[in-house]
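A.B. asks: mind folding the following:
(chains A, B, C and D)
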4 protein chains.
Amino acid sequence: MTRANLLSRLRSAGVRNILVRNLISEFVGTFLLVFIGTCNVAQFHLGREKTTTWIGVNIGWGFAIMFSVMATAKLSGGHLNPAVSILFWSFGHLPGLWLVLYSVVQTAGAFLAAMCMYLYYYEAFDQYDSGIRAIAGPTGTAVVFCSYPAPYLGYFTPYLDQIIGTGILAYFLCVVIDEKNKVPKVWHPMIFGFLVMMIGTAFGMNLGYPINPARDLGPRLFSVFTHGSGVFSTPYPSYFLAPIIGPLVGALFGGWLYQVSLGMHIPDDAGTRELEEPIQEQEEKLLEKP
Amino acid sequence: MTRANLLSRLRSAGVRNILVRNLISEFVGTFLLVFIGTCNVAQFHLGREKTTTWIGVNIGWGFAIMFSVMATAKLSGGHLNPAVSILFWSFGHLPGLWLVLYSVVQTAGAFLAAMCMYLYYYEAFDQYDSGIRAIAGPTGTAVVFCSYPAPYLGYFTPYLDQIIGTGILAYFLCVVIDEKNKVPKVWHPMIFGFLVMMIGTAFGMNLGYPINPARDLGPRLFSVFTHGSGVFSTPYPSYFLAPIIGPLVGALFGGWLYQVSLGMHIPDDAGTRELEEPIQEQEEKLLEKP
Amino acid sequence: MTRANLLSRLRSAGVRNILVRNLISEFVGTFLLVFIGTCNVAQFHLGREKTTTWIGVNIGWGFAIMFSVMATAKLSGGHLNPAVSILFWSFGHLPGLWLVLYSVVQTAGAFLAAMCMYLYYYEAFDQYDSGIRAIAGPTGTAVVFCSYPAPYLGYFTPYLDQIIGTGILAYFLCVVIDEKNKVPKVWHPMIFGFLVMMIGTAFGMNLGYPINPARDLGPRLFSVFTHGSGVFSTPYPSYFLAPIIGPLVGALFGGWLYQVSLGMHIPDDAGTRELEEPIQEQEEKLLEKP
Amino acid sequence: MTRANLLSRLRSAGVRNILVRNLISEFVGTFLLVFIGTCNVAQFHLGREKTTTWIGVNIGWGFAIMFSVMATAKLSGGHLNPAVSILFWSFGHLPGLWLVLYSVVQTAGAFLAAMCMYLYYYEAFDQYDSGIRAIAGPTGTAVVFCSYPAPYLGYFTPYLDQIIGTGILAYFLCVVIDEKNKVPKVWHPMIFGFLVMMIGTAFGMNLGYPINPARDLGPRLFSVFTHGSGVFSTPYPSYFLAPIIGPLVGALFGGWLYQVSLGMHIPDDAGTRELEEPIQEQEEKLLEKP
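C.D. replies: Residues are numbered from 1 along each chain as shown, chains lettered A, B, ... in the order given. Modelled structure (predicted):
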């Protein structure tokens, strides 16, 4: 059998059950996203901000979204985030059971990603803390895995932070996928990447913009093995719930807010073509008849 | 009623009055733009430039424009700026009353945006100034809301600065929307984002490139509640007028300068409509139909 | 007469002589490019690198190219650079007289741009040097106008630098406009912007990548009025010739090198479709039949 | 003979033998990539990080990929990397002899690129180290040519690093070229550029992401002439093998991992070819035919 035949036969042997296929896709896609993303944070943090700066973190995470979505768009649609999945569930586009299964495999993918990141940068961790893992403090490295709140934040602010940050994500996600806005599908992955870059430059100071329960919980679970169970009680016992509950609430809030504030008012294309862009159409006509 | 039905019925219940719809769109769009933009500035300023650098401010504001315009383009055309609206009014594309109403809701959206930014970053403000709000000085935070002139500027320079900055904005806005230049509409939001990134890297040192009366006045009005009425008299009583009058004059200047300097000389498409096709055909070929 | 009529009539009164129209376009386009670009450098230099960093200079100049080319592409093709014009002359696409006239108006546009930049940032200059203009040294500002060599450079290196830098520009310019490479015209301005960003990150340390005789000579001429005739003899009398002669030679070198090294070997589309991408076609067929 | 005729005749005299043509293309493309890329690193390192920062290195290398691939895509497909070529060989798209020849000319192109970079920045080298070339230490400059491991790395980690980094490259390369993912060819060069930017922000701290045997070995060979044979034994004798063997293994690993983890599960297009059209139609509508 030639090599080309091998590839050809392999490609005809794929899973054909849609749910299984989608779960594979969400698992793999979230793995890719979180592996690249946490490696990016590791390079920033362990490199003591010398081999990346904050804008590098923003750009790197943005492209990680772009490529992970591009890789999985044709299979599962590239949610890679339970908050996105719950939004689609609320729109009636995803059965409840699928939402649960998606969330589980997304978190599992993120867990595995954290493990791989840790192996990849193992020696960089050792060089940073001389081999003694600490959660916080001058040699603390737990922030490479998952979010911890800035010291000035109160108890409820992390929830607010995640509701707003994920709300912005969900709001513009709905702008992009709303067919009335006519954004070609080929642009979607890049636009989602730009969206996350924007969120990082504006909503990253409080917690570091996790905006994704799987991205936060999966690596936090893994870091129990490396940093001990304190990762679930730092800086206070229930903090870890904020980047889980906040994004779920925020995605529902942002997604439906789009529908109510803008989406429902955009006229249908069908019979109302002439109503669609009256001001713009005037402009066009004017501009084209000099 | 299923969730999908709910969404579907909601979307069929939108406002159908064009003016009302457009006012909603301008209010919401300006809110989004200024909320994201001022959060970006807050992260830069309150983070003492550690969680964003100047290029992050430029990129963040640029993407804020991109996404806000994308969200509102199909409703109101996404002006989000009284200076843009006055330009379209001057072209005869917008009735005078609409211009006034647009400007009011744009400013109201920006006011609300400043309030939300303040709530979102409330604790970051407290951490920066230990809870005592100051307009300027080492713990000054008024610059997060709106523009203040660099200390070296004279009385008239802020007007000049805003006329030039908004002039550049309006000039290239007209380049992009002039159908003769054949920039597909799908590219517009991204290009407007790049345009504002460019303005930030070249015309940001004097005032910080407000180039939008609503973006400056709305948050300044809100900051009266947080920083006192001094925001309208710092560093001297009438400064606040410059980022209102300057952009309005600058947009008219830049937009018409485009028409006179380049736009009017581009040869008419009328008889050569087929010139438009080759570009499109090239694109199609490149979409690779084997 | 309504405002819309005014615009409409204005737009029907444009210049119809192609040479005159193109000269206007090259003058205006080079003005825009150099005005934005030198304002960007001013913000970098006069702001003592606090309101822009080097990457901001690269990105800002890149977008300045993108927007200036977009504005003038449909009139004169957007050369905005005598080095580009001489390349098109060498390809037989531009008469010799036009090349001379283009170069003159490009330089005049850059001269005017420097004047406007100086007025725009006049007070920032004063704040930087307390009102005493110096060419070099701790309060030197001549570098805002035009290029000066890094102190470590020998006599001939500036020529080499400009030949290489402009050669890269011309090489990839030819890649983009060669129809065999199938880059749609709508992408060209953005790609040229990315190209100049790339040149700035790789070939900017010696002279600051002028790569455009008009961009360098125009502002240098203007700076005689502000900094004295020393701008033509710093650091040694004939330096100013390097960013004039170098780019002209470099553009011819790079453009023809593309034709010889790659362009001439790309098969014609016409009768050799099957020869064009044998390897790629195999891939495609393989990939599309799983 | 007119100049236009000269160009026209030149372009009809290109090499028609496919293998020779492709070897020319791979040689030239790798030369361009490595010349621009190493000049970028030189500006970063010799400029003591003042005329570029790490994000500038990432962006510069990314655009170097974009433009080099764009230049050679229609001839050889733009591998420019033996690791990419071995992947295509493993897919049965490239004969074994071609793989060997491609790798040789790619390495030769990178060798020549290093020589040109050295000539271009010769004086900058001298200024950095006062004319005494050192491999490492405070005046060390060998890192401008090729990769050296961070001091904290163990013996096998460079292999792991290159397998992962090149694996990510190959994985997403396969995502992009898999027709089922419907990424138009016109986007490919830019997307490959973004991909390398992403890799630089996340996987650059250990070795500096060579991920290309030709890019590493070619300049290392040249640097024997400038820095002595120590470049093959620093920091230990066999290090230089890691950025050769690692990428070859990593590309095979990443490319096939894509096929197994995602590619093979994407449903077949065969009977649903019309699925491809909507995207295209959307694009067309957006090109605005009034």
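A.B. asks: need the residues of the stretch 101-250 of chain A near chain D, please.
C.D. replies: Contact residues of the stretch 101-250 of chain A with respect to chain D, defined by C-beta under 8 Å from any C-beta of the partner chain, are listed as A:119-124, A:126-127, A:182, A:184-186, A:190, A:193. Quick note: C-beta positions are derived from backbone N, CA and C, even for glycine.
A.B. asks: change it to 7 Å
C.D. replies: Residues of the stretch 101-250 of chain A lying near chain D by C-beta under 7 Å from any C-beta of the partner chain: A:Tyr120, A:Glu123, A:Ala124, A:Asp126, A:Gln127, A:Lys182, A:Pro184, A:Lys185, A:Val186.
A.B. asks: for those, work out which two are farthest apart.
C.D. replies: With distances taken as C-beta to C-beta, the most widely separated pair in those is A:Asp126 and A:Lys182, at 51.7 Å.
A.B. asks: quick check: the residue in the stretch 1-150 of chain A positioned nearest to chain B vs chain D, distance?
C.D. replies: Among the residues of the stretch 1-150 of chain A, A:Gly92 lies closest to chain B, at 2.9 Å counting by C-beta to the nearest C-beta. Distance of A:Gly92 to chain D, given as C-beta to the nearest C-beta, to the nearest Å: 22 Å.
A.B. asks: whichever residue of chain A sits closest to chain D: which element?
C.D. replies: For chain A, the residue closest to chain D is A:Ala4, as judged by C-beta to the nearest C-beta, at 2.8 Å. Using DSSP states H and E, A:Ala4 falls within helix A:3-11.
A.B. asks: could you do A:Gln106 as well?
C.D. replies: helix A:96-120.
A.B. asks: show me how far that helix is from its chain's centre.
C.D. replies: Here helix A:96-120 is found 12 Å from its chain centre; the criterion is C-alpha atoms, centre = their mean, to the nearest Å.
A.B. asks: buried sites along the helix or strand just after that helix?
C.D. replies: The helix or strand immediately downstream of helix A:96-120 is helix A:122-129, counting by DSSP H and E. Within helix A:122-129, the residues scored as buried using 16 or more other C-beta atoms under 10 Å in any protein chain shown are A:Glu123, A:Ala124, A:Phe125, A:Gln127, A:Tyr128.
A.B. asks: from those residues, which is closest to D:Thr157?
C.D. replies: Using C-beta to C-beta, these come closest to D:Thr157 at A:Glu123, 5.8 Å.
A.B. asks: list the contacts for the closest one?
C.D. replies: By C-beta atoms under 7 Å, 6 or more residues apart in numbering or on different chains, A:Glu123 lies in contact with D:Tyr152, D:Leu153, D:Gly154, D:Thr157.
A.B. asks: now it: closest residue in space that isn't a chain neighbour?
C.D. replies: D:Tyr152 (5.1 Å; C-beta to C-beta, 6 or more residues apart in numbering or on different chains).
A.B. asks: and the one you found, how far from chain C?
C.D. replies: 28 Å.
A.B. asks: cool, A:Val175 as well?
C.D. replies: According to C-beta to the nearest C-beta, A:Val175 and chain C sit 22 Å apart.
A.B. asks: cool, A:Trp187 as well?
C.D. replies: 13 Å.
A.B. asks: assign the residue lying closest to that residue once chain neighbours are set aside to helix, strand or coil.
C.D. replies: Spatially, and ignoring its direct neighbours in sequence, A:Trp187 is nearest to B:Val186 (7.0 Å; C-beta to C-beta, 6+ apart). Recorded secondary structure, B:Val186: helix (DSSP: H, G, I helix; E, B strand; the rest coil).
A.B. asks: which strands and helices lie in contact with the helix or strand containing A:Phe172?
C.D. replies: Per DSSP H and E, A:Phe172 falls inside helix A:157-177. When contacts are defined as 3 or more C-beta pairs under 7 Å, 6 or more residues apart in numbering or on different chains; DSSP states H and E, helix A:157-177 sits against helix A:82-90, helix A:188-202, helix A:242-261, helix B:54-72.
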